[in-house]
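Trainee: What follows is a predicted protein model with its sequence.
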Amino acid sequence: MAYVTTTTLKAYLGFTTSGDDSLLSTLITAAQSVVEGPYPGTDRKWEARSETQYYDYQSRTRLDLRDDLISVTTLTNGDGETMTEDTDFHLYPLSGPPYRWIEIKSDGTQNFQWSGTPQRALNIVGSWGYTTTAPQRIVQATTRLAAYYYHQKDAGVYDVTATPELGIITVPQGIPADVMKLLHANRKKFMLG
């Protein structure tokens, strides 16, 4: 789901006409992709989405997750047995959500061993993301970046050009400084277990 609507972006830009709605929608998608992506982005999805993720069996009890996890609907092992939270596994850190790893209990009734192949052996259905709705600072970063992209369509110059000592140097402007500050402050930090 988009963090920003075209209506919100139009209000931010100061117009209400619908002639550029398709373009604005595309720019919102592009801005959100940067916000969620690796550097300079935050490297995290901010809103909850229902999804199934698969993990390989790694012969250890700690399963590090690729994405932030809000809640588990089902966790199924390689033999198709459903594992139960608190009986068979725990979500960490305890201060979550979001959760960043799962500890499989070695004394659980459904254990971490099974007879199938290790590839994609764990199936986790759940709500994935940092939180249920994007925080206001992430909405602001996405709005500001989409507005910046919109104004770039009319810019005569896309880069900053300087002429030191009669040579010409072109330096890309990149992402606005205020957006970079918001992204930097909200970048994913990996917690060591």
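Mentor: Happy to help now that I have it. All values derive from a computational prediction rather than experimental measurement.
Trainee: contacts, neighbours, all on C-alpha from now
Mentor: Will do.
Trainee: Tell me the pLDDT of the residue nearest the centre of the chain.
Mentor: The central residue of the chain, meaning the one whose C-alpha is nearest the mean C-alpha position (CA atoms, centre = their mean), is K45 at 1.8 Å. The per-residue pLDDT reported for K45 equals 93.
Trainee: And K189, by the same measure?
Mentor: pLDDT, K189: 65.
Trainee: Now do the phi/psi pair for A121.
Mentor: phi -80, psi -30 (degrees, to the nearest 10).
Trainee: Now for it, how many residues are close by?
Mentor: Around A121 there are 19 other residues, counting by other CA atoms under 10 Å.
Trainee: so how far is W128 from it?
Mentor: 19 Å (CA to CA, to the nearest Å).
Trainee: Kindly report the same for R100.
Mentor: Computed with CA to CA, the distance linking R100 and W128 is 10 Å.
Trainee: so what's in contact with those two at the same time?
Mentor: Overlap between the neighbourhoods of R100 and W128 consists of 67-69, taking contacts as CA atoms under 8 Å, 6 or more residues apart in numbering.
Trainee: Strands of the chain, residue ranges please.
Mentor: For the chain, the strands defined by DSSP state E cover 49-55, 62-76, 82-83, 89-92, 99-104, 122-128, 159-162, 169-172.
Trainee: And the ones you listed: which comes nearest Y12?
Mentor: Closest to Y12 of the strands of the chain is strand 159-162 (CA to CA; 23.9 Å).
Trainee: for this protein, what spans make up the helices?
Mentor: Per DSSP state H, the chain has helices spanning 6-13, 21-36, 136-152, 177-185. These are given in chain order.
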